[in-house]
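Enquirer: test case, fold it:
(chains A and B)
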Amino acid sequence: MPDLLIELFSEEIPARMQTRAAEDLRARMTDGLVEAGLTYAGAAAFSTPRRLALTVQGLLADSPTTREERKGPRVDAPDKAIEGFLRGAGLTRDDLEVRDEKKGQVYYASITKPGRPAAAIVAEVLEQVIRNFPWPKSMRWGAGSLRWVRPLHSIICILTDDAGEVSVVDLDIDGIRAGNTTEGHRFMAPGTIKVSSFDQYQSALKKHHVILDAKERADAIWQEATNQAFAAGLEVAEDAGLLAEVAGLVEWPVVLMGQIDETFLDLPPEVLQTSMKEHQKFFSVRNAKTGRIERFITVANRETVDQGATILAGNQKVLFARLSDAKFFWENDLRVAATGGHAWLDALDNVTFHNKLGSQAERINRIAALAREVAPAVGADPDLAEQAARWAKADLSSEMVYEFPELQGLMGRRYAEKADMPTEVAAAAQQHYSPLGPSDDVPTAPVSVAVALADKLDLLTGFWVIDEKPTGSKDPFALRRAALGVIRLVVENGVTLPLRPQLGSGTAFNRFQLMINDAVASGDVQAVDDLKKQGAEGVFVKGKFDEVDENLLSFFHDRLKVYLKDQGIRHDVIDACIAMDGNDDLALLVKRATALSDFLKTDDGENLLQGFKRANNILSQAEAADGVEYSYGANVKFAETDEECALFGALDTGVPAITEALKAEDFAAAMGAMAALRAPIDAFFEAVQVNSDNQVLRRNRLNLLSRIRSICLDAADLTRVEG
Amino acid sequence: MQGTSDKPRSFQQIILRLQTYWASHGCAMMQPYDMEVGAGTFHPATTLRSLGTRPWAAAYVQPSRRPTDGRYGENPNRLQHYYQYQVLIKPSPPNLQALYLGSLEAIGIDMALHDIRFVEDDWESPTLGAWGLGWEVWCDGMEVSQFTYFQQVGGHDCTPVSGELTYGLERLAMYVLGVDHVMDMPYNDPDAPIPLSYGDVFRQTEAEYSRWNFDQADTEVLLRHFEEAEAECRATLDAPFDDPKTGKRIVMAHPAYDQCIKASHIFNLLDARGVISVTERQAYIGRVRALAKACADAFVQTEAGGWAAA
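Expert: Numbers count the residues shown, from 1 in each chain, chains lettered A, B, ... in the order given. This next block holds a predicted model:
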């Protein structure tokens, strides 16, 4: 059973692509081999900046011989048909077997496909894999037409048999001939290495200063980094993404810890960390007690006789220049913030948010007005919510955020703190962007919640007004994420906030923007000025909830289904609750759906649902036949059987309890009370024939069933529940 | 080469060593293009010569202008006028990385002491309709060069592919010479009878051009020049290939491309003057790109662009 070793040696592969590429190489190679009949015992793939490698152990030496039997035409069929069959099977007439069948004598062909040696199959599969490799971006080089992520220089493709005998697979791709040699570290160990097996390959590489396994490099970096930090009484800020990236930039990691100049230590830690990470790919090393970042860790790709002193000095110098820029931005920004940030807000007047939805400043006016509206519902002070909304986007004009967009919000917070603004305002600047996804934390501070809701509601109503809704996989403005954000803010904070009025306001505000656009388009300067003045004062034309909002509300409901599905609540159960009044109060909707879902998972719940469906079916048929609606007048005095009487009794006790619980929005209690109906309903159907010949009895029983239907439908529209 | 691993002592010595190095590796030593450009890539020796099938190897210094980067000569590393060193080889040779590393050694960077890295950085020039894949090259964490395999220029696929190297000369020299402020960098030999610093040569011009770029340049004139350059470029390309006077086939790709370069630089000046809004910006870039594409279309109709009479 031979082992296969492949190495694809190229110029530097982007770090972000390496892990995926190694996995693609493994999956595509092994799939291709198996498809051609070559099974194997195990396989593993590796990557460094300059190579992808794959080892496949215990490969079959040959693919197995296969036999296939094929039924042909009848013996008396025209010659043409028989010849066609022979061509397809690659046989002559003498090779065929004649068998007697019901309809006469029929030719049969037995086709044997001999197995092929592994080397031939490997060569074919590898060529296909290389030519069709799924790089996110690939390129040509020189005068060739082959595509790879960067120029491909050499290929190792060898089979090593049990005796250790090595054979190079015969393969030539656009002039690159597969061989059994590679190179070690570019600088520390130039020259070629001869390779005979995977183990020897991996250890030879290590001797030549290349650690093949990215995880081994990452582990080594992390261990050495934490050791050095620990020795200095400090700790390394964890960053798994950065660690993976850095491990993809080196073949021989050498960890070096450097100093950050005193003058930069007062910068906010996030600024230091972002600047060092984004520009230099440095880890931050902080003082655990103070949280201050005091040093950095860089990972070089080589050892030097001066123990990295030159490299570290160079890196420190580059960092000094970078941090000088950051400090310059910070200090300039602080001056603006100290005066209330008016210059930033003015500047946002000239920043287009969207060509139909106006400038950032105009959007801020809308968010501020919405934040005021939602404030009472979330327990926030309206004035504070408005102030926070007006500040929330100010940092978009700051120099720091221009340089590092990922610091938006956080800088707003820091600048607000430095300018002694209320803590709620500072917190909202950072938190109002949240939640950014299904796993991001949801803000809980009332002012932050108000601004976060207002921000997202404006975004959604705006794009609905201009009819740029998400379609299929296209959602360039992340509107689905915004809707999920609203859902999580409301539901997870247990906020009672019917959305219809808010959507109505948001829609009206955004339509106001379209009025401004129209005024601009018509060149009516006075009208534009007046409208803008109104907008800046938060005066918007109030509108009514209409079909645009209704469409948006159902978008919320769709997102809610996805959200609740993740929590194990079926879509039909949600539909049953959406059909009820108050479906724009998402927290209420979720409470109802959760209780119903839990109830339906119980034996009582499932059977009650069946009972309801049976009652509803009988009623619907009877109502259709009779042309009347059975609703009132069931009277216990017409009850004939004990089971009928018992059901009357159960409903007399149960209905008021259920109604009261529903009124109190205590759905769990309502469902609990409904559970008590299950046994009497089951017993009723067991014993009683509803469609009695006696019309009085029949009508009474139908009216009784309608009491079941009516109380069930008060809880949720159970007709929508499947099962 | 004897003595090349010595540390150079001046800005000009670094340039001279790059010239010597690339000349010894077979590049034609071109001179700077005699027009204002934003980067060495705009030189026709790169933009146009990267098109078509004919082999090419050239290296040159290109003075480059970025009006928005002007800081009146006060910033330690920002300049509105600076120098790029540019190498273009078509087809890209298999040992281009090794050749490049050799050039760093030639200017005194000791590979045994420094950490050189090729970090992903894909290059795109929206104004030239060009893109390529490659890296920024880091030396001890500092970007010292841009290394690109051209895939498309002026909307044309590059076949064969050119390898392009671009060195930011001031930054690289400051690093090699250990200077913190560009204006303090020795321009010629510090022991020369008349030693000159970079500041002696350029501090005043940086201030003059910063003022002119930001506040003085007449935007109406510039806007008119932009339109004129665009029109002239179009008109030149619209002329028939056959010259009625000589009776010869003369496609005027280069004169047309000059007008494209001119339009591009005027756009940069307008941008520095702050008279171009965000939305207009895209429109202007699109207009320059359309000219660059038209020039590329014309160039491949010339002999240097691989055209041959049937």
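
Enquirer: if I look at the nearest residue to A:A44 once chain neighbours are set aside, how far off is chain B?
Expert: Excluding its sequence neighbours, the residue lying closest to A:A44 (C-beta to C-beta, 6 or more residues apart in numbering or on different chains) is A:T55, at 5.6 Å. For glycine as for every other residue, the C-beta is placed from the backbone atoms N, C-alpha and C. Going from A:T55 to chain B by C-beta to the nearest C-beta, to the nearest Å gives 26 Å.

Enquirer: burial of B:G247, as a residue count?
Expert: 8 (other C-beta atoms under 10 Å in any protein chain shown).

Enquirer: pull the distance from the one helix or strand the residue nearest to A:A44 maps to to the chain's centre.
Expert: Using DSSP states H and E, A:T55 sits within strand A:51-57. Centre-to-centre, strand A:51-57 and its host chain are 31 Å apart (C-alpha atoms, centre = their mean, to the nearest Å).

Enquirer: parallel or antiparallel, which strands does it pair with?
Expert: Paired neighbours of strand A:51-57 in the sheet (DSSP bridges): strand A:3-10 (antiparallel), strand A:42-48 (antiparallel).

Enquirer: tell me the buried residues in stretch A:406-414?
Expert: Buried residues in stretch A:406-414, defined by neighbour count with 16 or more other C-beta atoms under 10 Å in any protein chain shown: A:L407, A:Q408, A:G409, A:L410, A:M411, A:G412, A:R413, A:R414.

Enquirer: ok, so of these, who is nearest chain B?
Expert: A:Q408 (18.0 Å; C-beta to the nearest C-beta).

Enquirer: the residue lying closest to that closest one once chain neighbours are set aside sits in which helix or strand?
Expert: Closest residue in space to A:Q408, ignoring its immediate chain neighbours: A:V401 at 5.0 Å, by C-beta to C-beta, 6+ apart. Counting by DSSP H and E, the element that carries A:V401 is helix A:399-403.

Enquirer: show me what that helix is packed up against.
Expert: Identification of packing neighbours for helix A:399-403 by 3 or more C-beta pairs under 8 Å, 6 or more residues apart in numbering or on different chains; DSSP states H and E yields helix A:309-338.

Enquirer: does the helix it packs on come close to chain B?
Expert: Yes. Using C-beta under 8 Å from any C-beta of the partner chain, helix A:309-338 reaches chain B at A:T310, A:I311, A:A313, A:G314, A:N315, A:K317, A:V318, A:L319, A:A321.

Enquirer: nearest residue to the fourth one other than its sequence neighbours?
Expert: Once flanking residues are discounted, A:G314 sits nearest to B:D140: 2.7 Å by C-beta to C-beta, 6+ apart.

Enquirer: pretty sure the one you found sits against A:G308.
Expert: No. Using C-beta atoms under 8 Å as the test, B:D140 is too far from A:G308 to be in contact (9.6 Å).

Enquirer: out of the residues of helix A:309-338 next to chain B, which two sit at the greatest distance?
Expert: Distance extremes for those: the farthest pair is A:T310 and A:A321 at 17.3 Å, using C-beta to C-beta.

Enquirer: which of the two has more neighbours?
Expert: A:T310 (17 against 14).

Enquirer: contact partners for that one?
Expert: A:T304, B:L113, B:H114, B:D140 (C-beta atoms under 8 Å, 6 or more residues apart in numbering or on different chains).

Enquirer: make sure the second one is indeed in a helix.
Expert: By that I understand B:L113. No. Going by DSSP: H, G, I helix; E, B strand; the rest coil, the assignment for B:L113 is coil, not a helix.

Enquirer: buried ones in the helix or strand harbouring A:V520?
Expert: Secondary structure from DSSP H and E places A:V520 in helix A:499-522. Buried residues in helix A:499-522, counted by 16+ other C-beta under 10 Å: A:499-500, A:502-513, A:515-517, A:519.

Enquirer: re earlier: and the two most separated of the buried residues of stretch A:406-414?
Expert: Of all pairs in the buried residues of stretch A:406-414, the most separated under C-beta to C-beta is A:Q408 and A:R414 at 11.6 Å.

Enquirer: what's the pLDDT at the residue of chain B found nearest chain A?
Expert: Relative to chain A, the nearest point of chain B is B:D140 (2.7 Å; C-beta to the nearest C-beta). pLDDT recorded at B:D140 is 95.

Enquirer: beta-bridge partners for B:S125, please?
Expert: B:A130.

Enquirer: pretty sure it sits against B:G38.
Expert: No. Look at B:S125 against B:G38 with C-beta under 8 Å: they stay out of range, at 9.2 Å.

Enquirer: relative to A:L564, how far out is A:I311?
Expert: Distance, A:I311 to A:L564, using C-beta to C-beta, to the nearest Å: 54 Å.

Enquirer: the more surrounded of these two?
Expert: Set A:I311 next to A:L564 and count neighbours by other C-beta under 10 Å: A:I311 wins out with 25 against 22.

Enquirer: B:K7 versus that one, what's the distance?
Expert: From A:I311 to B:K7 the distance is 17 Å (C-beta to C-beta).

Enquirer: repeat that for A:A377.
Expert: 70 Å.

Enquirer: pLDDT weak spots in chain A?
Expert: A:542-545 (pLDDT under 70).

Enquirer: quick one: name the residues of it near chain B.
Expert: Residues of chain A lying near chain B (C-beta under 8 Å from any C-beta): A:11-12, A:14-16, A:49, A:137, A:139-145, A:149-151, A:153, A:187, A:249-250, A:280, A:298, A:300-302, A:304-306, A:310-311, A:313-315, A:317-319, A:321, A:352, A:355.

Enquirer: buried subset of those?
Expert: A:11-12, A:14-15, A:49, A:139-142, A:144, A:149-151, A:153, A:187, A:249-250, A:280, A:298, A:300-302, A:304, A:310-311, A:314-315, A:317-319.

Enquirer: just the ones in helices from these, please.
Expert: A:A15, A:T310, A:I311, A:G314, A:N315, A:K317, A:V318, A:L319 (DSSP state H).

Enquirer: contacts only, for the third one.
Expert: By C-beta under 8 Å, 6+ apart, the residues touching A:I311 are A:L256, A:T298, A:A300, A:T304, B:L113, B:H114, B:D115, B:D140.

Enquirer: again, 10 Å this time
Expert: Listed by C-beta atoms under 10 Å, 6 or more residues apart in numbering or on different chains, the contact partners of A:I311 are A:254, A:256, A:258, A:298, A:300-304, B:113-115, B:139-141.

Enquirer: and what of the first one?
Expert: For A:A15, the set of contacting residues under the criterion of C-beta under 10 Å, 6+ apart consists of A:47, A:49, A:214, A:244-250, A:281, B:119-120.
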